[in-house]
Structure formats: structure tokens, C-alpha cells
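> This is a predicted model, with the sequence first.
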Amino acid sequence: MELRRGRGAALWTIGGVVGVVGLCEVALVAYYSGDTSISTLVGGAITVLFVALAVALACQMPGAAVALAWGSLVAQIAFMSGFLWVQAAVALVVYFAARVGKPNERWAALFSVPAGTLLFAQFVMTQSSGSLRVLRVLNGVTGTHPTMAAGIIVALVLGIAWLLGFAAREQEEARASEVARRQAEEERSLAQEQSEQADEIARLMEAQASLARDVHDVVGHSLAVILAQAESVAYMTDADGDRVKDAVANIAAAARNSLQEVREVLGSAEPAGVPSSRLDLWALVDSIRSSGRELIVEEHGTPRDLGSTATMVRYRVTQELLTNALRHGKADAPIRLRHTWDEALTVEVSNAFDPASGWNPGGRGIEGIKQRLTRVRGTIEISRTDSGSGSVFLARCVIRAPGGAV
């Protein structure tokens, strides 16, 4: 398209020059040959007009240009107007048809080379125009018949023009293919780089979310224990000095443990990589009981090693569920924790709660539990049971042990 726009204007100028020169040649040939008949002049003018238009349209409309070139030859033969040297400009038509034409236009131009050569040679045999004197000179020097000389010259000019156009076309297509290949490689490289960046961003966001969940679980649990201990102190009397001291000691211990665990979480290369020594479920149980709440623990089946990831998930899930029970459950009702070992480990936490406190099973803590369980192909079910004596909140989590059923 760039070539057609750029060369199109230039070819219109060349076509105009061909037209002017051709008309001058028609007049000169008629004058020197003495043949000034209307037929000769009109035929020559039509031939020149067709050649000039063919040259002008050679790049923008190669098919039409080839047709006009044939039209010039037909008009020349029909009017017997004599050979014109400006017809050599047809080589430009053949060149651009081979270079920018569609396949049918390209092959039509190639067919025109031998066909046009034969017709032109046949036409030469009937001409005695002064324009062909150079062929007769060639005949005297080489012994070549003017018909054969005309055919050789036309075949060489048009054939070379077509080959040059075809070669230029192939070179441009090869260059365009190379550019397209490089562009595709650059786009593929850019897409791969963007994909890697997206993966890295996703990994960092997941690490950040995991870290936030760990901090939420640790701090939330510790604050719930501390809050329960602090609230219990408000109901103690001066006679309960020892109990006050125990409560304050429990608050301090919970704060120290929370601070230590937060440091371990923040200092770990992997947010979930808290040392197994800190994943003590009984320490969770003791922290709940130290707040003054009753916690009933049941374990069924034979415990087995879950692996580091599932062990961490078990600890965090239990921690979050107990924290929720401590914060939202009735203070005078027990919390129940049940671990059932089967093909998978089932963790259940239930507690009575006040319906007036609201029902929000989709909070940040529950969402964090769901995200943790996806790492071990686990599931969570949350239900609420209402009865005459109150409402009970039950959370049941299933953790897949290594080698367990899916």
C-alpha cells in the first residue's frame, strides 16, 4: 500500500510525459513519412493515449494497466498506424504488474510477454515506418531479419522487466516476513514477561494475604483471650485478690505469646512457616480455659501425621474457630471442640450464642479459613441451630491428610 501511494503519483507524471512525447512522435513520423492520413494520426494518438494511461495506472491498477497495454497494440494493428518508440514504456506496466499485482494480474503480465512479442513481430513484418530503420540497420550488420530482431528486443525488454518486478516482490515479501517474525517474537517475549510479572504479583499478593491471615488469627485469638480475662476481672471483689492476680498473669502470658508468635510469623520466609513447636493445640485449649470459659475437648479415631502444611492449617483453623466461639458465644455456655480422625481429619467447634449479637458467617476470619483449606483440599460447613433453649453455632472443617480420600 505504501508503494502504491508513493509510486502512484510519480507514474501519473511519467504517463503524462509519455503521452506528450508520444503525440510528438506521431506527428514527426507522419511528417517525415508523408503519411498524414486521418487513420494514421488517429490510430497513433489512440495508441499513445492507451500507453500513457497504462503507465499512469501501472502501480495502482496493474490489471487495468495490462489491459490498456493490450489495447494500445490492438489499436495500432487496427489502424496500421506504425510503430512508436514510446511503446517501450509498456515495460513499466509489466514490471509493476509483477511487483504489486494480484496473482492473476501477475501471471497475465507474464503471459503477455511471449504473446505480445509474437504479435509485435508479426506487425513489424508489415511496416515500413521510418521508426523501424534501426532494425533494418541491425539486419545489415548482423544479418538478422527485422521481425526476429523486433521479437528479441521486445522479449528481452518485457521479460527482464517482469523478472525485476517479481524479484523485487519476493524481496519485499521476505523482508515483510522477517519483520513480522521479529515482531511476533517481540510480542511473544513481551507476553511471557508480562505473564511472569503477573505470576510474581499473584505470588506476592498470596504471600501478603497469607501473612495477613496469620497475623489476624494470632492477634485476634490473643485479644479475645485478653478481653475475656479483663472482663472477668470487672466482676471480682476485693476478696478475690488471688484470682485477680491469676487473671493479670494470664493476660500478660497471652500478650507475650501473641507477641512472640507475631514475630515468628513476620520473620518467617514463608508466612505459614511457624515452627511446629508453636503449633500446640493444647496451648490453645489452655488459653481459652484460662479466660474462664469452659472448653470441652473430644478426640475420636487414631491421630496420624498430617504433614507440615496440613498441620499448620489444622492449627490456624482451630485457633480461628475457638476465637470466634470465645468472642461471640455465651459466656455461661461451654465451647465444644471435637477432632475426628478417619480418612480425613474433621474439626468441629460448636457454641451457644445470643441471636441478638447477629449472624455473620462470611466474616474475614471465616474467609481466611476457606482460603487455608483450599491448600489441603479441605472444606468448611457452617450451620446454625435454633431451639427453645437458644441458638447453637456449628463449624465443621474437613482437612485431607496425605494419602487420604479426595
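Structure's in. What do you need? Numbering: from 1, shown residues only.
> could you pull out the helices for the stretch 51-200 of the chain?
Counting by DSSP state H, counting those that start in this stretch, the stretch 51-200 of the chain has these helices, from start to end: 62-79, 90-100, 103-125, 133-142, 146-234.
> from those helices, which stretch is densest packed?
Relative to the other members of these, helix 90-100 carries the highest mean neighbour count by mean count of other Cβ atoms under 10 Å, namely a mean of 27. (Glycine included, C-beta is placed from N, CA and C.)
> Next, the residues that contact that helix from outside, please.
By Cβ atoms under 8 Å, 6 or more residues apart in numbering, the residues outside helix 90-100 that reach it are 3-4, 7, 11, 14, 51, 54-55, 58-59, 62-63, 65-66, 68-69, 72, 105-106, 108-110, 112-113, 116, 157-158, 160-166, 168-169, 172.
> What of stretch 21-39?
Outside stretch 21-39, the residues touching it (Cβ under 8 Å, 6+ apart) are 40-41, 44-45, 47-48, 51-52, 79-82, 84-86, 129-131.
> same thing with stretch 108-121?
The contact list for stretch 108-121 (Cβ under 8 Å, 6+ apart) reads 62-63, 66, 69-70, 73, 77, 90, 93-94, 97-98, 101, 147-148, 150-151, 154-155, 158-159, 162.
> which residues touch residue 155?
With contacts taken as Cβ under 8 Å, 6+ apart, residue 155 has the following neighbours: 113, 114, 117.
> same thing but at 10 Å, please
113, 114, 116, 117, 118, 120, 121 (Cβ atoms under 10 Å, 6 or more residues apart in numbering).
> With respect to pLDDT, which of these ranks lowest?
Within the contacts of residue 155, the minimum per-residue pLDDT falls on residue 121 (67).
> can you map out the strands along the stretch 201-350 of the chain?
With strands called from DSSP state E, counting those that start in this stretch, the stretch 201-350 of the chain shows them at 295-300, 335-341, 344-353.
> Single out the most deeply packed of these.
Here the criterion is mean neighbour count by mean count of other Cβ under 10 Å, and of these the winner is strand 344-353, at a mean of 21.
> after that one comes which helix or strand?
Moving toward the C-terminus from strand 344-353, the first helix or strand encountered (DSSP states H and E) is helix 364-373.
> What residues of that next one count as buried?
Buried residues in helix 364-373, counting neighbours by 16 or more other Cβ atoms under 10 Å, are found at 365, 366, 368, 369, 372, 373.
> Now the closest residue in space to the second one that isn't next to it in sequence: which helix or strand?
It refers to residue 366. Nearest in space to residue 366, with sequence neighbours left out and distances taken as Cβ to Cβ, 6 or more residues apart in numbering, is residue 382 at 7.0 Å. Under DSSP H and E, the secondary-structure element containing residue 382 is strand 379-387.
> With only the CA atoms kept, save that strand in CSV.
Coordinates of each C-alpha in strand 379-387 appear next as CSV, following Å, rounded to 0.1, in the frame of the first residue of the first chain:
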residue,chain,number,x,y,z
THR,A,379,-13.9,-27.9,53.1
ILE,A,380,-15.9,-26.0,55.7
GLU,A,381,-19.6,-26.1,56.6
ILE,A,382,-21.3,-23.6,58.9
SER,A,383,-24.7,-24.1,60.3
ARG,A,384,-27.0,-22.6,62.9
THR,A,385,-29.5,-24.5,65.0
ASP,A,386,-32.3,-22.7,66.8
SER,A,387,-34.2,-24.3,69.7
